[in-house]
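Trainee: Provide a 3D model corresponding to the input given below.
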Amino acid sequence: MLHAYEVVIGLEIHAQISSKTKMFCSCSTDSFGKPPNSNVCPICMGFPGMLPATNKECVEKGIRAALALNCEIPSFSKFDRKNYFYPDLPKGYQISQFDQAVSGKGFIEVEGGRRIGITRLHLEDDAGKLTHTSRGTLCDYNRSGAPLMEIVSEPDMRSVAEASAYAQEVRRILRYVGSSDCDMEKGMMRFDLNVSLRPVGQDEFGTKVEVKNLNSFRSLERALEYEIRRQEEMLENGQKIAQETRGWDDDKAETVSQRGKEQAHDYRYFPEPDLPPVEVEESRVLEYKKELPELPRLRRARFVSEYGLSEHDALFLAEEPERADYFEEVIRVSGDMKKAASFVTTILFGALKRDQRSLSESPISARQLGTLVKRIVEGKLSTNQAKGEVFEAMYSTGKDPDAVIDELGLSVVSDAGAIDELCKKVIEAHPGPVADVQGGKEQAIGFLVGQVMKESRGTAQPPVVQERLRALLGL
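Mentor: Sure, this is the predicted structure:
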């Protein structure tokens, strides 16, 4: 994209920790779609005299996420007050972690083997939400106090694609370890990006511009593309890049200046006096590490090596832990890796996408789908029958495949004599394709097989049909 300049990108990822209660009080985190200011209490609203209490589950899930990101885990960490005044921050400060966070440096690898460094993962509570209208600004504090982990990367990314790949891989990892649902439609994952340009070959970084509160991968990519183009044009015209914070206007597809940032904000950090420090024994860290599941990158690689999947199919099936578990259960029940992959990726997810359903809403369990595939492997059902009327009946009723097969009265034509009669009928009716096959045009056999399948109404097995056609044609 750029020949004279190199892009330098860093990302700060804010992910809501999957806990039933907020970071420092007992209010529910399930506030999406609830009436404004209905999910609050004196603690998360910062009333005088109220004392917070650390949510142990959130600390543990933060540590598990940090371990999955290859981060160091110190034995001691603490919470700090980050002081600033904004309408969505009722306490007048945010409880965060400054110089002694719950984790240290780490890294992940993205596709292509590039390693992206992670400065740290730290814990904090969220602010409320502001809605700007023509008549003023509305404050909703339902989200105030929600548990967050902030993952700060090193400035190691050099392209829009790399930044997007990094953000998506972090999301997969957090979901695999169960630390965050990362539901972006509910605001559970947001990005702040830092981007600068420098002449190719220069070691010193250019002037950094921050773009705040991006809530989708698409907005992340578009904001980066715009900001890189804007900075490049300014540098080409001899203009100086201002260190500032900008916001992303999705409708106008551009970043807009929000405030200057000539130097770091003075947040007047100091240790949170109402919360004790967090001390983690090394033995506990080792336990957490042992409990980590197989992470997405390793699972994708195993799907390719063990099941012979393409990189594309492996990426799709390992995208979410629930999807990967579903797929492997279908394999376990059916005993056929290729057919299992085909039915999960194409047939099942095709139907779910059509009906805008998630996998958790699927009316067909992994065991049921595995049994359906197994009936094909056993020769009790043709692939066409399984993909067509049997699958659709299972999908609409939730019934087991054997019950559907019995109700529909389906069976496979496997008798050699019956198949030969169908083959002879097709050979007689299609002398042209027969001559093509006998003349060496292999692709013509597919037409004849299709005609036999049509005659059998999908109840014959294509491999058996092709074998009998070849025998009858003397091939």
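Trainee: where exactly do the strands run in the stretch 101-250 of the chain?
Mentor: Ranges of strands in the stretch 101-250 of the chain, per DSSP state E, counting those that start in this stretch, are 106-109, 115-125, 129-133, 136-140, 147-153, 189-199, 209-214, 244-249.
Trainee: of these, which is nearest residue 369?
Mentor: Closest to residue 369 of these is strand 189-199 (CB to CB; 30.1 Å). Heads up, the C-betas are built off the backbone N, CA and C, glycines and all.
Trainee: report the mean confidence score over the closest one.
Mentor: For strand 189-199, mean pLDDT is 96.
Trainee: returning to what we had before: nearest to residue 354, of the strands of the stretch 101-250 of the chain?
Mentor: Each of the strands of the stretch 101-250 of the chain was scored for nearness to residue 354 using CB to CB, and the closest is strand 189-199 (26.6 Å).
Trainee: can you list the strands that that closest one pairs with?
Mentor: The pairing partners recorded for strand 189-199 under DSSP bridges are strand 5-16 (antiparallel), strand 209-214 (antiparallel).
Trainee: okay, angle between that strand and strand 147-153 too, please.
Mentor: Orientation of strand 189-199 against strand 147-153 (axes from the mean of the first three to the mean of the last three CA atoms, to 10 degrees) gives an angle of 20 degrees.
Trainee: list the buried ones in strand 189-199?
Mentor: Neighbour counts over strand 189-199 (16 or more other CB atoms under 10 Å) mark 189, 190, 191, 192, 193, 194, 195, 196, 197, 198 as buried.
Trainee: nearest to residue 97 among those residues?
Mentor: Distance to residue 97, by CB to CB, is smallest for residue 192 among these, at 16.5 Å.
Trainee: what is the neighbour count of the residue nearest to the closest one when sequence neighbours are not counted?
Mentor: In space, not counting the residues next to it along the chain, residue 192 is nearest to residue 12; the distance is 4.2 Å by CB to CB, 6 or more residues apart in numbering. Number of residues near residue 12 (other CB atoms under 10 Å) recorded here: 16.
Trainee: would you tell me which helix is longest in this protein?
Mentor: With residue count as the measure and DSSP state H as the assignment, the chain has helix 217-236 as its longest helix.
Trainee: need the contact partners of that one.
Mentor: The list of residues contacting helix 217-236 from outside it, by CB atoms under 8 Å, 6 or more residues apart in numbering, reads 1-2, 4-5, 7, 9, 160, 163-164, 167-168, 184, 191, 193, 195-197, 206, 209, 211, 214, 240-241, 246, 248, 250, 253-255.
Trainee: what of stretch 449-463?
Mentor: Residues outside stretch 449-463 that contact it (CB under 8 Å, 6+ apart) are 379, 382-385, 388, 410-414, 419, 422-423, 425-426, 429-430, 465-466, 469.
Trainee: and stretch 254-261, by the same measure?
Mentor: Taking CB under 8 Å, 6+ apart as the criterion, the residues outside stretch 254-261 that touch it are 209-212, 223, 226-227, 230, 242-249.
Trainee: let me know the average pLDDT across it.
Mentor: On average, stretch 254-261 scores 85.
Trainee: what's the answer for stretch 131-143, then?
Mentor: Model confidence over stretch 131-143, given as mean pLDDT, is 93.
Trainee: and that stretch, which residues are buried?
Mentor: Buried residues in stretch 131-143, defined by neighbour count with 16+ other CB under 10 Å: 140, 141, 142, 143.
Trainee: nearest to residue 288 among these?
Mentor: The shortest separation between residue 288 and any of these is 27.7 Å, and it belongs to residue 143 (by CB to CB).
Trainee: hang on, isn't that closest one packed against residue 128?
Mentor: Yes: with contact defined as CB atoms under 8 Å, residue 143 counts as touching residue 128 (5.7 Å).
Trainee: ok, the residue nearest to residue 192 to residue 166 distance?
Mentor: The gap separating residue 12 from residue 166 is 12 Å, by CB to CB, to the nearest Å.
Trainee: same check on residue 286?
Mentor: 28 Å.
Trainee: higher neighbour count, these two?
Mentor: The residue with the greater number of neighbours, taking residue 286 and residue 166 and applying other CB under 10 Å, is residue 166; the counts read 23 against 12.
Trainee: looking at it, the more buried one is touching residue 11, isn't it?
Mentor: Yes: in this structure residue 166 lies within contact range of residue 11 using CB under 8 Å: 6.5 Å.
Trainee: which residues do those two both contact?
Mentor: Jointly contacting residue 166 and residue 11 under the rule CB under 8 Å, 6+ apart are 153, 157.
Trainee: separation between residue 475 and residue 445?
Mentor: 8 Å.
Trainee: list residues touching both of these two?
Mentor: Residues touching both residue 475 and residue 445 comprise residue 437, with contact defined as CB under 8 Å, 6+ apart.
Trainee: tell me which residue lies nearest the centroid of the protein.
Mentor: Using CA atoms, centre = their mean, the residue of the chain that lies closest to the mean C-alpha position is residue 172, 4.8 Å off.
Trainee: show me the shaky parts of the stretch 351-475 of the chain.
Mentor: 411-416, 458 (pLDDT under 70).
Trainee: swap the cut-off to 50 and go again
Mentor: Within the stretch 351-475 of the chain, no stretch has pLDDT under 50.
Trainee: beta partners of residue 149?
Mentor: Note on residue 149: beta-bridge partners by DSSP bridges are residue 15, residue 123.
Trainee: what's the burial count for it?
Mentor: Neighbour count for residue 149, taken as other CB under 10 Å: 26.
Trainee: wait, it touches residue 182, no?
Mentor: No: when contacts are counted by CB under 8 Å, residue 149 is not listed as touching residue 182 (10.9 Å).
Trainee: identify the contacts common to those two.
Mentor: When CB under 8 Å, 6+ apart defines a contact, the residues bordering residue 149 and residue 182 alike are residue 15.
Trainee: before we move on, the earlier item: and residue 475 and residue 445? Which one has more around it.
Mentor: Neighbour count, other CB under 10 Å: between residue 475 and residue 445, residue 445 has more, with 19 against 12.
Trainee: ok, which of the strands of the stretch 101-250 of the chain comes nearest residue 327?
Mentor: Checked against CB to CB, the stretch from the strands of the stretch 101-250 of the chain lying closest is strand 106-109, at 23.0 Å.
Trainee: neighbouring strands of that closest one in the sheet, and parallel or not?
Mentor: Counting by DSSP bridges, strand 106-109 is paired with strand 115-125 (antiparallel).
Trainee: next one: the partner strand to chain centre, how far?
Mentor: Relative to the centre of its chain, strand 115-125 is centred 19 Å away, using CA atoms, centre = their mean, to the nearest Å.
Trainee: buried residues, it. List them.
Mentor: Buried residues in strand 115-125, defined by neighbour count with 16+ other CB under 10 Å: 116, 117, 118, 119, 120, 121, 122, 123, 124, 125.
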